[in-house]
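Visitor: only the shape, not the letters, is given here:
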């Protein structure tokens, strides 16, 4: 009974130009090496075309709550009763909970929050959830023997390394990098699959390479928020404590910063 | 979001100044009055009896039918909003539905459950107002006629089974019937082509398992004058209501869906597929919410389950062969384009279900039962005119290859949100997640293997450039690169081999070998770009026979870490007898008890089988276990993955 619904990009001039760029329509000769994507230009152009949707990111209650919960998970690992602290956010661990189990609970807590929220889940909130889970697992997972075995203490120790100023900066960079990559690919994946067989997208491997290049580009661009994120986290928690309100304000600034960084890279071409 | 709609049902009165109706597009739906535009009927019951349905169950079926009709009649938006940067996906629905038990349906808990399950399935926003029904249908028996005698053989089954006529529900029905279970199959019929096929398939099933099956087909459809939205995300809500109605009538403890885990979880094949763009019809969260709702409606423990959650489609298809029913594949139908099917060809060959079916029957080695003539378009070599049909073929294939190539940790990260929801109601979540990842890797391996096979089969055409540029194989391999490769060597061949030359026929075989070699190189290069360890990503394997029952049983015992007498008893209990070169004990346990040299011989055989099994892929091993030890499959299949991973790490360590 499974169906997958694929959609088309709008057929306006700006999107058509983007599709042509992805397809390499105007390339004078064949691209021998698919790694020669000008991914940064394509990313910047996509951001430009989707700027109204991007502006909604900082206002999306699901994205806000997801980022806020990341700060609370990190902070909980610094408390003596980490399981109790997490339980206050609807994250219930037992002594045998693994790093993966932690992410199941984090995702459940976000889903629960969105169920009670009048605006509910959105495409943006879903991308934020996916990015948060990926960021937590990829960073905390590297600090544990296994994602799927171990104990709550092991999970806490792994998360604790992300609770310092530097650690949270890395978590923030990974979260924002993956979020922007997913946001861009929400649009671009329609163009890459549809233009397969074109000059630039010659075979399946070219799509894979494009996706990898896009992710690397977004991860690197998100370096701009790494130190900023760590400093905000450390300073705000020390001075007044992080809450949903100030986390949301930070989110808006971080997205703006990231967007201008991606646009800046385009002008440097 | 598309324009909000108010659905006023069963002749309810809603004043124009009512806040619920203000500024909202209004649609009247009616299944009760003299001129209904939503049609509900039960028919074709093998052995009829009359049993009064509870008013609440009648309400439930009507509510579900109205919701499904609204879902199917309302197009999701086509015009992007927010400066063409936001895709209109979710819709906004309000319903006013007259019911027989308004107190029950108006309770906050039930309305929350309805909103939760429908929101999860469809991503639409729902609001409900349930009002007392003023005018009931004239003949309530038109709803349901059934047999309820206690001695009726189909009374009190464990589950009623939702039977779509596709491969998965067919395999489930076969598996249960083969185990001697009496089955009540429930089907939703919406178009006559589907009806005829379901009947034919059921008759075939009945012929194979006489006296064991009863079929309850139910017509529910809406007038064609409404619009048509193809996504139909609330299907399982309607099916659950139907199933619950039948389950209640025959005193079954619940409803069973059979859906392979890959489709049930439906991980996004690309990053545009966010939320329910990948359907969640039988997703564990959906089934959990539906179960809660149906338990509330029936006021008893009620189970809705899916036993195939940890099986790939290829493994499900193999089940049919295991029970000697592979011939039924020909009469099953998987295509999503029901409305446009011809009488002679059931499958379009272009939708995601057709692609998945063809890959699965090929992977399971049962493609001979899945006639090419039944496909309008050849899945691998046919023309795909529609860009979206090209995209689904491309995304399905790439997604499968990447599942195969990525590590367990990578998959857990990339699909963390989806995986977390999949195991939310599991007791051992980490173990279940590993099992799900293992299943996805087996699926990915199957997709890769089938692609390799099809590329090899069509190598000459690919090199010649005679396949259409929009076919799946050409899209995957890349026509332009093939053209470039073709030109250089052809120039050489033209100089060395003249037409009519006696060398020509000899060189034909060489040319085919060369074409195959080129294709293998091309595919290896593509896999490397998608993440395989190196350009020699494809292992050239000589074709070997599948594992025998003896090998499969011994391998299962190895995976289960059985040793000594437990190992020997396991073999004995599965009907495996020793084959000694000389005369010796007739069973393994006897041999073990007698000590050496028999114990050593048993150990040597175990080592040989272990080495031989290393040459098989995970799907091949899983198929062997599924074929020869179906009862142990769920226990053994997760162990296959860890066994292969250990081998891989040993190999790389060397």
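Guide: Structure's in. What do you need? Keep in mind the model is a prediction, meaning the values are calculated, not measured.
Visitor: can you list the buried residues in the host helix or strand of residue B:437?
Guide: Per DSSP states H and E: residue B:437 is located in helix B:429-457. Buried positions in helix B:429-457, judged by neighbour count with 16 or more other CB atoms under 10 Å in any protein chain shown: B:429-430, B:432-452, B:454-455. No exception for glycine: its C-beta is placed from N, CA and C like everyone else's.
Visitor: for the record, mean pLDDT for it?
Guide: If you average the pLDDT over helix B:429-457, you get 96.
Visitor: next secondary structure after that helix?
Guide: Criterion used, DSSP H and E; the element after helix B:429-457 is helix B:459-464.
Visitor: which strands and helices sit next to that following helix?
Guide: helix B:472-477, helix B:479-496, helix B:503-530 (3 or more CB pairs under 8 Å, 6 or more residues apart in numbering or on different chains; DSSP states H and E).
Visitor: hey, least reliable of those by pLDDT?
Guide: helix B:479-496 (a mean of 60).
Visitor: where does the stretch 1-150 of chain A get nearest to chain B, which residue?
Guide: Closest approach between the stretch 1-150 of chain A and chain B, counting by CB to the nearest CB: residue A:133, at 2.8 Å.
Visitor: give me the element that residue is part of.
Guide: Using DSSP H and E, residue A:133 sits within helix A:123-141.
Visitor: ok, residue B:40 next?
Guide: Using DSSP H and E, residue B:40 sits within strand B:38-42.
Visitor: and that strand, what other elements does it pack with?
Guide: When contacts are defined as 3+ CB pairs under 8 Å, 6+ apart, strand B:38-42 packs onto helix B:55-73, strand B:213-222.
Visitor: which one of these lies nearest to chain A?
Guide: Closest of the helices and strands packed on strand B:38-42 to chain A is helix B:55-73, at 12.8 Å (criterion: CB to the nearest CB).
Visitor: quick one, that closest one and strand B:38-42 angle?
Guide: 130 degrees (axes from the mean of the first three to the mean of the last three CA atoms, to 10 degrees).
Visitor: next one: the helix or strand that helix B:55-73 is followed by, is it in contact with chain A?
Guide: Next helix or strand after helix B:55-73 toward the C-terminus (DSSP H and E): strand B:92-99. No - judged by CB under 8 Å from any CB of the partner chain, strand B:92-99 makes no contact with chain A; its nearest approach is 11.0 Å.
Visitor: what's the first helix or strand after strand B:92-99?
Guide: helix B:102-106.
Visitor: which residues are contacting that following helix?
Guide: B:56, B:59, B:63, B:97, B:99, B:110-111, B:128-132 (CB atoms under 8 Å, 6 or more residues apart in numbering or on different chains).
Visitor: hmm, residue A:41 is touching residue A:18, no?
Guide: No - at 10.2 Å, residue A:41 and residue A:18 do not qualify as touching, with contact defined as CB atoms under 8 Å.
Visitor: show me which helix or strand of chain B is least confident by mean pLDDT.
Guide: helix B:479-496 (a mean of 60; mean pLDDT, DSSP states H and E).
Visitor: re the thing from before, nearest residue to the residue of the stretch 1-150 of chain A closest to chain B in space, please, no chain neighbours.
Guide: residue B:416 (2.8 Å; CB to CB, 6 or more residues apart in numbering or on different chains).
Visitor: where does the chain dip in pLDDT?
Guide: Just going to use chain A. When residues are selected by pLDDT under 70, those of chain A lie in A:1-2, A:28-37, A:265-269.
Visitor: ah, no, chain B please
Guide: In chain B, residues with pLDDT under 70: B:1-2, B:42-52, B:138-152, B:338-342, B:485-509, B:532-544, B:581, B:641-654.
Visitor: okay, now the domains of it?
Guide: B:5-142, B:160-372, B:380-537, B:549-653 (automatic domain parsing).
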